[in-house]
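Student: no FASTA, just this:
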Ligand code: FES
Ligand code: FES
Ligand code: FES
Ligand SMILES: [Fe+3]
Ligand SMILES: [Fe+3]
Ligand SMILES: [Fe+3]
């Protein structure tokens, strides 16, 4: 019944993830980028509807996002221009995070963090909104007094994604 | 301000519930079944729209699910066949769990666990998805180093449920 | 990595917020009102779709809710009559709360609590339901053995709200 | 509509156009020409036992209050205030002698009379004739606890409408002297499914069972399907659309699954002709045209263990083209003991409730079918309905209607579609 | 459409068909024949005080930019690039001298002229005449800060369109020499409600108050309803559709709820005829045809405590059959002090904002009503509009239009529906 | 439909009606008259390399199984059981020699033949002729790995349909002897966007790049736009609708971005005429009428660093008026090494996948445009298509079709719309 990971760590990681969501939803993208390790990766695979017994449903090759910290920084520089039309006006996103599970990672000082994320998105003066649901599996690392993302892996729960573009982060 | 239940227990139960959701969403149904005590019950009442002052809104008689561990096992055996068409291809469900409250149960060693669950369901290549919202009230019991469900009680928040079948668990 | 606020406090506040949601969703509005300090305020600003660089998106003047404890009590007295048609039959609401961040408040003994809330609402025998997403920023205060809301501030994530009335609390 | 004018001949040749299963024009026709004329199921008497009891139901897109008035009379009215059209009753069930509109306060008795109008003098100066502004009445009729309503003042009587199908309904409704009762309120859910494929399926689609519910054979619920599965009878009432499939398994004890006492009862509640047939009936799956169905079936939650005979009644309520809402009840014999009722209900929830293992697969197939039927290519296709076209009716059949000596056949469907066409195609 | 051709006679006999409250065909007609012809409300001058200020609004399904150009002129244009139709302004409010399209970069002045076209030479070889491709202009007119727009170049002037209703609008718009201002941006929300029932309600439905807002009497906001509630006047402008209900409570001090200073003001800003009426007016609830409404009312957040007079202006913006979006503003007197404005706004939020206790119940009723009105049975029904058919107009009425000496009556509505029909039924 | 009858003349004068971008009537016409006649893209051979492999795709609202049968033949069929219309294949991709319907168990070979019918004797008494009830066949044709299907038995051959556009497709399809393969399954998402604006954009809208993707210039991905951006060619196949824009930047090395080895290859795989043009081509953006597009472009994820040449193929799949679903593939040269393929794919994801920085802005503009085009005022407006009307075709152009010596022009679009009209307006 006791978990391998101390409650102190668990709560600290829960807070880290909540702060990440807040940075995204408050559009503090530089703060968000700072939460990634220099060697951090950001990955979202393409999902395909397959039969029950299929070998895979998340493509081992195709990805929606396939970024390292450098390309993430490019995405953010883009959002900082006045010409990122997809976010003009800015989307109102809310990352509703739940089901956080913290476990020791493969490498010492790292942790495997699994969570669910329901992302609400509202744009312009439209009453209609988008909701996307995702599973996340992150690897984080201690860095002095803070956490860093070594790997953000997220999979959307649709094979046909019901939003006209993915100009926000999962 | 201090709760009757120790933080250690609370975090442990939170983890237990998150692991349960993961087992369901990853379709590890046997793992899920193992989380039930031998005398475990699984119950979802039928909801009826009544006036504000009505005696009940959740039918004291009608139930959507009314299972013991043996019938749950039947449902899972069914899902293991190649002929459970309702789940062919498998639904992509995500149980977004929140508002977990842990309190001592009536019997020693048991706890009353209340939570909210928003279930997202996507099927096939359809962009449309289902969302059902539920309140859960579980009784769990310590069993050596792990928790067991003695009673899973969940009520959907609709009187006309907006999904074409309930081939997933709440 | 350690947070300024003790885990004990954090868990206690998480529980407080979950109990608040439960009071609302179980329509124990008097219990809910008791969670407010005598000088408590309840505020929901009007949101406007503005360009990325606009001075504000949440109106500094217009508010959807602008209540003190006395007017909240009026709203509840109204709901207790047989003539609050907007809630006849009662809405089935479920406050799905997440991303709770607890930090020390400006005044001693107070805490700033930020959270996300996805509110599901079902009415009558309609299969269609409403979902509203909100960000909350509360100030709470210790009062002997319990917490009290000094200020509930919530902002909806839409500028055109997709529900026909706001007869429930955020 | 071209499709419909050609449809008559097609049916005789065992063909039905695909498009009718998901088409906006068809839905518009059904709303007025079909559901505006037929007797639609509203509820069961045991749902409103006492004066003042009511449930709200639908006929097509019309919300109906089904109530038992203060004199114990059952009556049905459109759930709409005559003043500005507000919904006057907002609950699915309850008890009330009057309904007061929440907009301007008009008050109606549950029997429909308008009895209260604020400012009748000071506002209307006596101009408003209250007797002209009661709730819109819906004609009701009953059979053995079933309550039907029709929007057509000139419709034939319910008895004439059922046209002998009562004989077969009794297998569901008369397991004992006191008949049946609903175990509790119905399951209710919405689906992107056309109501007609459900109604067809439940008027005797023995063909789908071994495949659509193959898991059931796999898990050992049934003896392996095969030739025996085809044993039984398909019966329909020509021109009325009602039909039933009766499955027979040689060697099963008569009335298997019923408690002794009930079987005793039936000797008196049922006619000899009924007893002869029902005793041999394992499964009875039937539809009262257009959209009320029944299934009775012996079932044991744990394969192999002795089972009970559960009975489900379901209403396939259409809400749009290729869109419906489901009502599913469990009926139990009033005279059975509490334990039997409880066990029957548990069998129902596991098999045919909203989360029922058989229900789940039916709705998955029906929803996929409905989507495909709405595509542009499908619109010009026909489906084959040629099973049993050469079958001769059973000559010494003790019951009404036309019976054929086979369980897997489509005789019932052809009659069902011809009847449907006679309404929608305005041939009546 | 049959319904409409018969409707004229029905109205005279005090009947209006139910179907018009939720019908796709009606909505198609309204989009072009009604909203393509009338003067629609776009905004208040205080929303765009400075050059470059703009808000985006709608006329039916057309998105409109309402802007104050660099010369301070108010102008309105379709928010659509002429090149490929992209939306050029994506905010609800802001300040900009030009709008640049984000697809190919065409640039328009906020006054509508097309001033920038990339590749004008290198791509169009001078073929494109920029003067032909400015933004689609919408005619605007104003009255006391209210800005209206019409899509009909041949529409009569706004003044003629208002046809004397200005006299009554002044109760909302001229509480002082500087008139009113919006307190802040409007509440905005969507509802499955037909805009017309809202517009009718706010053209003087004193009938619904004691019931739809019964809680208010229960909580002691109002003196118990009863005979006194019927005191007041209903006034409409024949053939124009505009109407107002004026509620009067004997014994209330004149202009109750206004600050002293403002009442002083009004002696100069209002005519004697207006003063005579407004002084006696407790509640003024009126509609500028088709879908702009106002309500002014003394109100105290805590029952029994001295209240203030809040004023709400609301636009019932139709977005589909039985579907709308709401704009709700609070208007405050420019000359009032900050504290009064703040208290008036708080009263507004508690009573008539999106979470307002009165607002909530109205929309619940209206939404239920709209759903029922869309059902197939409802389509052939009519609603009674017979209140006050025998009333004689007040002879010595100091204001324009037809006034009757009663608060609970339907004279205003009959004129409103006749006017609506004159557009939608193409009798004009 | 009035709009369409007038449209022919308008196009010649460089005008296209706005309403066609979001109109229910247009969509109804497109479903049958356009998508019922044209060759629609179904998939790439590398998606179904082995016998039994299949993917499911759509032609308009028809779900299609594209499979390689057991003899290696490519075939396509409607994904609908002929018995009652159930969907027989429920996955987007997989491998199966047969499809068994989950409702009544009919079994089809992946080549379409109906080979299994339960109760064929015991139910149908041999009446059912299986050969009549195979899956509905869709005619297929291929070019260099691209698989197309048509619902029209009388349609011209694919070769004739492409009408010479193959010459230009080769820039995407023949970078080496083994051609191209898909890197993996496509991105797929839904949008409230009209498919036609996407198809137009990708048939050579060089005009939008400097504005819609202005951030790219800002971040230094491209040399500052300007006169040089207009260099290149626009080519279309008259009467066929196919078109391509070829962007040229002086000074860039030939085939910039390709690995040495591939450039070597092309000397043999491409004709001299093709080499002359392609060597000078920086960007090639083209559309096979009606809704399959390609883009090839050298790109470096980090501005300034040496880039690769990625190639995206996209299908703008219409699902309703102003509504679509997107398929976006990345094509890579079969003969390139794994590292190049990987780098090309990464460039694709960052630029043109579902989360691609360029993709994002296009869909934002297109979605806003579609919404505006559906408004009632927009319905009577026209858009200008006058660019390059005075341009003379290049006389010594080595390829088929009509080429003009300019990158920013609308010659391609006018031909595209005239072709669209020839289908939807039934002039063919
Ligand atoms: S709508 Fe019922 S009383 Fe007016
Ligand atoms: S759409 Fe506005 S510039 Fe092209
Ligand atoms: S629907 Fe396919 S076998 Fe009946
Ligand atoms: Fe079945
Ligand atoms: Fe009201
Ligand atoms: Fe682009």
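Tutor: Arrived safely, thanks for sending. Just so it is clear, the structure is predicted and the values come from calculations on it, not from any experiment. Ligands and ions are numbered 1, 2, ... in the order given.
Student: Enumerate every residue touching residue D:210.
Tutor: Listed by CB atoms under 8 Å, 6 or more residues apart in numbering or on different chains, the contact partners of residue D:210 are D:217, D:225, D:229, F:105, F:118. Bear in mind the C-beta positions are built from the backbone N, C-alpha and C, glycine included.
Student: Which of these has the largest number of neighbours?
Tutor: residue D:229 (24 neighbours; other CB atoms under 10 Å in any protein chain shown).
Student: Residue D:262 should be in a helix, yeah?
Tutor: Yes: under DSSP: H, G, I helix; E, B strand; the rest coil, residue D:262 sits within a helix.
Student: May I ask you to confirm that it is in contact with residue D:335?
Tutor: Yes: with contact defined as CB atoms under 8 Å, residue D:262 reaches residue D:335; the gap is 6.5 Å.
Student: got any residues that touch both of these two?
Tutor: The contact sets of residue D:262 and residue D:335 overlap at D:175, D:176 (CB under 8 Å, 6+ apart).
Student: who does residue D:313 bridge with?
Tutor: When assigned by DSSP bridges, residue D:313 has beta-bridge partners residue D:294, residue D:329.
Student: That one: neighbour count?
Tutor: There are 23 residues near residue D:313, going by other CB under 10 Å.
Student: these two touch, right, it and residue D:181?
Tutor: No: taking contacts as CB under 8 Å, residue D:313 lies outside contact range of residue D:181: 11.2 Å.
Student: what residues are shared contacts of those two?
Tutor: By CB under 8 Å, 6+ apart, the residues touching both residue D:313 and residue D:181 are D:44, D:331.
Student: which SS state does the residue of chain D most remote from its centre fall under?
Tutor: Going by CA atoms, centre = their mean, the residue of chain D most distant from its centre is residue D:122, 48.3 Å out. Classification of residue D:122 using three-state DSSP returns coil.
Student: so how many other residues sit close to residue 34?
Tutor: Answering for chain A, as no chain was given. Using other CB under 10 Å, residue A:34 has 11 neighbouring residues.
Student: nope, chain D please
Tutor: 22.
Student: Determine the longest strand present in chain A.
Tutor: Across chain A, the strand with the greatest residue count (assigned by DSSP state E) is strand A:129-143.
Student: which helices and strands does that one pack with?
Tutor: Packed against strand A:129-143 by the contact rule (3 or more CB pairs under 8 Å, 6 or more residues apart in numbering or on different chains; DSSP states H and E) you find helix A:7-25, strand A:110-122, strand A:146-156, strand B:92-104, strand B:110-122, strand B:129-143, strand C:129-143.
Student: Averaged pLDDT, stretch A:95-108. What do you get?
Tutor: The predicted model assigns stretch A:95-108 a mean pLDDT of 97.
Student: Also stretch A:111-118?
Tutor: Averaged across stretch A:111-118, pLDDT comes to 98.
Student: Can you lay out the contacts of residue D:210 as JSON lines showing pLDDT and distance to residue F:344?
Tutor: Written out in JSON lines, the entries for the contacts of residue D:210 read as follows (pLDDT from 0 to 100; distance: CB to CB, whole Å):
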{"residue": "D:217", "pLDDT": "91", "distance to residue F:344": "51"}
{"residue": "D:225", "pLDDT": "57", "distance to residue F:344": "54"}
{"residue": "D:229", "pLDDT": "92", "distance to residue F:344": "57"}
{"residue": "F:105", "pLDDT": "98", "distance to residue F:344": "45"}
{"residue": "F:118", "pLDDT": "97", "distance to residue F:344": "50"}
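Student: from those, which is closest to ligand 2?
Tutor: Of all the contacts of residue D:210, ligand 2 sits closest to residue F:105, with 53.5 Å by CB to the nearest ligand atom.
Student: Grab the nearest non-local neighbour of that closest one.
Tutor: Counting by CB to CB, 6 or more residues apart in numbering or on different chains, residue D:211 is the residue found nearest to residue F:105 once chain neighbours are left out, at 3.6 Å.
Student: which SS state does that neighbour fall under?
Tutor: For residue D:211, the assignment made with three-state DSSP gives helix.
Student: residues in contact with residue 144?
Tutor: As the question left the chain open, I've gone with chain A. Counted by CB under 8 Å, 6+ apart, residue A:144 has zero contacts.
Student: wait, I meant chain D there
Tutor: Taking CB under 8 Å, 6+ apart, we find residue D:144 in contact with D:166, D:169, D:170, D:173, D:174, D:179.
Student: Just those residues: which are in strands?
Tutor: Going by DSSP E, the strands hold none of the contacts of residue D:144.
Student: which one of these is nearest ligand 3?
Tutor: Nearest to ligand 3 among the contacts of residue D:144, with distances taken as CB to the nearest ligand atom, is residue D:169, at 27.6 Å.
Student: Now do the same contact list for that closest one.
Tutor: D:143, D:144, D:146, D:162, D:286, D:288, D:294.
Student: Right, and ligand 2 sits closest to which residue of chain A?
Tutor: Ligand 2 sits closest to residue A:85 of chain A, with a gap of 11.6 Å, by CB to the nearest ligand atom.
Student: who wins for neighbours among the contacts of residue D:169?
Tutor: residue D:288 (32 neighbours).
Student: Chain neighbours aside, what residue packs nearest to it?
Tutor: Of all residues not flanking residue D:288 in the chain, residue D:242 sits nearest, at 5.4 Å (CB to CB, 6+ apart).
Student: Who are the contact partners of the one you found?
Tutor: Here residue D:242 is in contact with D:162, D:163, D:165, D:168, D:203, D:236, D:286, D:287, D:288, D:289, D:401 (criterion: CB under 8 Å, 6+ apart).
Student: Need the residues that contact the helix or strand containing residue D:139.
Tutor: Using DSSP states H and E, residue D:139 maps to strand D:137-143. Residues outside strand D:137-143 that contact it (CB under 8 Å, 6+ apart) are D:39, D:42, D:45, D:59, D:64, D:66, D:74-78, D:112, D:147-153, D:155, D:157-159, D:161-162, D:166, D:169, D:173.
Student: Next step: these restricted to helices.
Tutor: Using DSSP state H, the subset of the contacts of strand D:137-143 located in helices is D:158, D:159, D:161, D:162, D:166, D:169, D:173.
Student: Compute the number of surrounding residues for the residue lying closest to residue D:68 once chain neighbours are set aside.
Tutor: Closest residue in space to residue D:68, ignoring its immediate chain neighbours: residue D:48 at 4.6 Å, by CB to CB, 6+ apart. Counted with other CB under 10 Å, the neighbours of residue D:48 add up to 21.
Student: Which residues of chain A lie near chain C?
Tutor: Residues of chain A lying close to chain C (CB under 8 Å from any CB of the partner chain) are A:7-8, A:11-12, A:15-16, A:18-19, A:21-22, A:25, A:82, A:87-90, A:92-98, A:118, A:120, A:122, A:124-129, A:131, A:142, A:145-147.
Student: where does chain D come near chain F, residue by residue?
Tutor: Residues of chain D lying close to chain F (CB under 8 Å from any CB) are D:14, D:18, D:21, D:197, D:207-208, D:210-212, D:227, D:230, D:361, D:364-365, D:368-369, D:371-378, D:381, D:383-384, D:386-390, D:406, D:408-409.
Student: where does the chain have low pLDDT?
Tutor: This is for chain A. A:1-3 (pLDDT under 70).
Student: actually chain D
Tutor: Regions of chain D meeting the criterion pLDDT under 70 cover residues D:224-226, D:427-428.
Student: Find the centremost residue of it, please.
Tutor: With distances taken as CA atoms, centre = their mean, residue D:292 lies nearest the centre of chain D, 0.9 Å away.
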